[in-house]
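Undergrad: output the structure for:
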Amino acid sequence: MSYLKGKTALVTGSTSGIGLGIAIGLAKQGVNIMMNGFGEREAAMAEVKACGVEVDYHGADMSKPTEIAELIQITEARFGALDILVNNAGIQYTAKVEDFPADKWEAIIAINLSSAFYTSHYALPGMQNRNWGRIINIASVHGLVGSSQKAAYVAAKHGIVGLTKVIALENAKTGVTCNAICPGWVLTPLVQNQVDDRAKREGVTVEAAKQALVSEKQPSGQFVTPEQLAALTVFLCGADASEVRGAAWNMDGGWASQ
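TA: Just a heads-up that it's a prediction; the model follows:
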């Protein structure tokens, strides 16, 4: 029997990509799932439900603190507790700092960084009362290194790593842990858009654009998969990771080692 069976996880941004992969990975361990995101939800929910767990959905806008508070409250009411919080929701925009639109900066900071503060703010009291909880923040290799034209994204992801350390320290003598996962290139819908744009811009095939994109930064030349990130999430939630606290664990094909 899984150590996690019967627990409840909220995975933000879980209607596709990394978030959906993590939701499925946790569900396979018997974890009930509250899903969230702007994507097509019915098919995503069906995939998670097929793992034999309870599944629900809340469409909170992760840029709005009042909706985040409601999301946590409804999750606890629906399932009786919120045991595992996976902060995965994120957006991207690229431009040089001098050209970066103010509204894009504010939106990225709100969704990629501030939302993780607010979900943790509202979820922690319940976890502390039960003396068990796992907060997994999906950062990025960009929480460890920089890239040009990604000022807001890099700032937000570095902020996520810092927030992770503070939450871990504040709960170090409890059964609540907090860690960050820092993926390199993952072929999510967000990254596929970048691949398609590159193929069009350079007049090459999508496959050639895909290989060029991943090889520029990731020495392995291979994309990280949502399934691999899900497996790491499951480990960090398990008993063997109870003393992994405040880690920024990169899974990036060697990107940050250069």
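Undergrad: part of a strand, is Pro125?
TA: No: according to DSSP: H, G, I helix; E, B strand; the rest coil, Pro125 belongs to no strand; its state is helix.
Undergrad: check what pLDDT it gets.
TA: At Pro125, the model reports a pLDDT of 98.
Undergrad: next: Ala151.
TA: Looking at Ala151, its pLDDT is 98.
Undergrad: ditto for Met1
TA: Met1 is given a pLDDT of 55.
Undergrad: all numbers from here: first residue = 30
TA: With the count now opening at 30, the last piece we talked about shows up as Met30.
Undergrad: buried set for stretch 237-257?
TA: Ala238, Lys239, Gln240, Leu242, Val243, Lys246, Gln247, Phe252, Val253, Pro255 (16 or more other CB atoms under 10 Å). C-beta here means a position set from N, CA and C on the backbone, and glycine is covered the same way.
Undergrad: same check, this time on stretch 61-74
TA: Quick answer for stretch 61-74 (16+ other CB under 10 Å): Asn61, Ile62, Met63, Met64, Asn65, Gly66, Arg70, Ala73, Met74.
Undergrad: cool, stretch 134-149 as well?
TA: Neighbour-count burial for stretch 134-149, with 16+ other CB under 10 Å as criterion, is recorded at 134, 137-149.
Undergrad: Tyr151 is in contact with Ala98, isn't it?
TA: Yes: the pair formed by Tyr151 and Ala98 meets the contact definition of CB atoms under 8 Å, at 5.4 Å.
Undergrad: what is the nearest of the buried residues of stretch 61-74 to Gln287?
TA: When those are compared for distance to Gln287 (CB to CB), Gly66 wins out at 32.4 Å.
Undergrad: surely the closest one meets Ile47?
TA: No: Gly66 lies out of contact with Ile47 (CB under 8 Å); the separation is 11.0 Å.
Undergrad: quick revisit: just the ones of the buried residues of stretch 237-257 in helices?
TA: Per DSSP state H, helices hold the following members of the buried residues of stretch 237-257: Ala238, Lys239, Gln240, Leu242, Val243, Lys246, Pro255.
Undergrad: could you dump those into TSV with distance to Val273 added?
TA: Listed next are those as TSV, based on distance: CB to CB, whole Å:
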residue	distance to Val273
Ala238	36
Lys239	33
Gln240	34
Leu242	31
Val243	28
Lys246	26
Pro255	21
